[in-house]
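> what's the 3D shape of this:
(2 chains)
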Amino acid sequence: MTASADFDQNAFVRALLDPELPAPNGLEARHGIPPERRFAVYRNNVCVGLVDALAERFPVCRQLVGDEFFRAMAQRHMRESLPRTPMLFEYGHDFATFVSSFEPARELPYLSDVARLEYAVGQAYHAENATPLPMDVIRALPFDRLAGATAALHPSTHVVASTYPIVSIWRRHMSDEEMTPLELNHGEEALVVRPELAVNVTALPLGGSAFVHALEDRKTFGQAVIAASGVAADFDLTGCLRELLLAQAFIAVGASR
Amino acid sequence: METRSAPEHSCTRERSLPARAGVGFKSAHFSDIEASAPDVGFFEIHAENYMGDGGPPHAQLMRLRRDFPLSIHGVGLSIGGAERLDREHLRRVKFLADRYAPAAFSEHLAWSTQGARFLNDLLPLPYNATTLAHVVAHVDEIQETLGRPILLENPAAYLRFQSSDYSEIDFLREVVRRTDCRLLLDVTNAYVSATNLAFSAEDYINAFPMSYVEEIHLAGYAEDADEIGDPLLIDAHCAPVQDAVWRLYDRALALRGPVATLIEWDNDVPAWPLLLEQAARAARFLDKQRSGFGDNARSEALHDGVG
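Now for the predicted structure:
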């Protein structure tokens, strides 16, 4: 077989992703009918399929900007960034970054942080299962010696810090709460955990995400407090621990070292 | 109502799918399924949706697997591509197949990946010696990795390539001959392709190597029109199976005999009872075949090897 019979997959993909290009050479429909309309079916399948995947992944962002705006934005993103694997639940990994530089969305400066939160919710949904630390174990923890201890967090745990109230925004759109005007002049730090089957989103005190990141890096609680205090001078350790315990974010608390 | 397998037999690997009607599993139907213990022959899932580490997808699948035979249907191996297979992805498929011991694993005669980019569609390939070599090598590698024959599905076509030297059926026969894989006959795809490319769907079904068919897919297509106003059918999995497809299915069953049949409905997912009703309709066609119709046609077909 000659090399000319080789099928130019690259040209096919270029034409799929750029509606300005004609259909690739070498295609035919029925006798006498140009291939354009039929090629457009593949183009449309790729585009609609991926835009739908993003719409499913970022439902609150879609509500915030409206369906039409969202689809136009998602389509632009799709042309720049295709999925890296056939696992569509991983798609949208860089959507928040794209949104932050998407000029028409400038009026909603919190949109990209909401997208980061929604991506974290999806990650938590598919994360590995693990058993949260039981309540009686937690009650028996030597809180006076906690400073030197390390913790293992539930694999579904994610934190997303924002200078906007992203947890409040997310909650209002996920529930049927009445839309009262929201003060945008404060930040929130979201905690995402899926202890069993349901993903929960709660707010940590400011500095909480730095605290969680430090614990994830196997730092001690004492070191994590220092990290959190670097972000919020009046870091509320008690409130942060309470939220993490209520969220069932710990699967183990290690001995002092 | 069929007797369910006892718990101690759960998760054993059936050698093949039962010759019954099954449905594509949607998580939106999980609570209906759990509450009603429906009389469904098997469930089929898309492999790629179950490649996360944990969470509700696996919890639901383990629950289903206890009571029903399972078919795993891949959409991401890109068998029809010129590039070598994504070994990482093949490893994920193997992990899933080992974990759930499905009665069948199927994939498509199509490609969906280019480089590190996944296009999320089943894209067409020309049928010639070059592409045949790629497809055969890919099917061989998958079967070797999974340790079982796979079912290869005929695609829905909107176009054809001038560089094709084989008909689709001759190409499939050749893949079967060289790899010993089995086939998944998508009757809707056959009808969609036949309409779009102006050939006879009946002839296609009559020529299909039925003795290698281990599963049939049925789905509803969407209708559009081309430049001159002729119907352009789209394999959208978005509607009840149309009458023309049921008629073609009847013909395929007459040739093949009763075989596992899946109702695929992936977009605008219907309420559970409507999906179940579609499966019940397929089951009636299967029963009709079992009661003795179509035996002559079948014996003809089963003597028609791929030689």
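> Ignoring the adjacent residues along the chain, who's closest to the spatially most central residue of chain A?
Nearest residue to the geometric centre of chain A (CA atoms, centre = their mean): A:Tyr119, 1.3 Å. Nearest non-adjacent residue to A:Tyr119, counting by CB to CB, 6 or more residues apart in numbering or on different chains: A:Gly92, 5.7 Å away. C-beta coordinates here come from the backbone N, C-alpha and C atoms, glycine included.
> ok, now which ones touch the one you found?
Contacts for A:Gly92 (CB atoms under 8 Å, 6 or more residues apart in numbering or on different chains) come out as A:Ala53, A:Leu54, A:Arg57, A:Phe58, A:Ala115, A:Tyr119, A:Gly122.
> what secondary structure does the closest residue to the fifth one other than its chain neighbours sit in?
Looking back up the chat, that one is A:Ala115. Spatial nearest neighbour of A:Ala115, chain neighbours left out: A:Ala96 (3.9 Å); criterion: CB to CB, 6+ apart. At A:Ala96 the chain is in helix, as set by DSSP: H, G, I helix; E, B strand; the rest coil.
> My read is that A:Ala96 contacts A:Tyr119, right?
Yes. A:Ala96 lies in contact with A:Tyr119 (CB atoms under 8 Å); the separation is 6.4 Å.
> Just give me the neighbour total for residue 44.
In the absence of a named chain, this looks at chain A. With neighbours defined by other CB atoms under 10 Å in any protein chain shown, the count for A:Asn44 comes to 15.
> that's the other chain; I wanted chain B
24.
> Let me know the secondary structure of it.
Reducing the assignment at B:Glu44 to three states with three-state DSSP gives strand.
> Quick one: name the residues of the stretch 51-200 of chain A near chain B.
Within reach of chain B by CB under 8 Å from any CB of the partner chain, the stretch 51-200 of chain A has these residues: A:53, A:82-89, A:124-129, A:155-156, A:194, A:197.
> could you flag which of these are buried?
Applying 16 or more other CB atoms under 10 Å in any protein chain shown to those, the neighbour count classes A:53, A:82-83, A:85-89, A:124-127, A:129, A:155-156, A:194 as buried.
> so where is the stretch 1-150 of chain A shaky, pLDDT-wise?
Applying pLDDT under 70 to the stretch 1-150 of chain A flags residues A:1-6.
> returning to that earlier point: I'd like the contacts of A:Gly92 written out as CSV, with secondary structure and distance to B:Arg256 added.
Output for these, formatted as CSV (DSSP: H, G, I helix; E, B strand; the rest coil; distance: CB to CB, whole Å):
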residue, secondary structure, distance to B:Arg256
A:Ala53, helix, 35
A:Leu54, helix, 40
A:Arg57, helix, 40
A:Phe58, coil, 44
A:Ala115, helix, 49
A:Tyr119, helix, 46
A:Gly122, helix, 41
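> mind listing the helices for the stretch 1-150 of chain B?
Shown for the stretch 1-150 of chain B, the helices assigned by DSSP state H, counting those that start in this stretch span residues B:30-36, B:56-67, B:87-100, B:129-146.
> out of the buried ones among the residues of the stretch 51-200 of chain A next to chain B, which are inside strands?
Assigned to strands by DSSP state E, none of those qualify.
> Need the max-distance pair from those.
A:Leu82 and A:Asn129 (29.9 Å; CB to CB).
> Pull up the residues of the stretch 101-250 of chain B that are close to chain A.
B:111-114, B:116-121, B:123-126, B:128-131, B:158-163, B:165, B:196-198, B:224, B:226-228, B:230, B:232, B:234.
> For ChimeraX, what selects the buried ones among these?
The ChimeraX command for the buried members of these (criterion: 16+ other CB under 10 Å) is given here:
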select /B:111,112,113,114,118,119,120,121,123,124,125,126,128,130,131,158,159,160,161,163,165,196,197,226,232,234
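> Give me the buried positions along stretch B:165-178.
B:Asp165, B:Tyr166, B:Glu168, B:Ile169, B:Phe171, B:Leu172, B:Arg173, B:Glu174, B:Val175, B:Val176, B:Arg178.
> Show me how far it is from its chain's centre.
Its chain's average C-alpha position is 17 Å from that of stretch B:165-178, according to CA atoms, centre = their mean, to the nearest Å.
> So which residues make contact with it?
For stretch B:165-178, contacts defined as CB under 8 Å, 6+ apart pick out A:5, B:109, B:127-129, B:132, B:135-136, B:139, B:152, B:154, B:157, B:181-183, B:193, B:204, B:207-209, B:212, B:306-307.
> Could you pick out the buried ones from these?
With burial judged by 16+ other CB under 10 Å, the buried subset of the contacts of stretch B:165-178 is A:5, B:109, B:127-128, B:132, B:135-136, B:139, B:152, B:154, B:157, B:181-183, B:193, B:204, B:207-209, B:212.
> so where do the strands sit in the chain?
Just going to use chain A. According to DSSP E, the strands that chain A contains are A:27-28, A:151-153, A:158-162, A:188-193, A:200-204, A:250-253.
> not what I meant, chain B
Under DSSP E, chain B gives strands at B:21-24, B:43-46, B:70-73, B:104-108, B:111-114, B:117-123, B:151-153, B:160-161, B:182-186, B:213-219, B:222-225, B:231-234, B:261-264.
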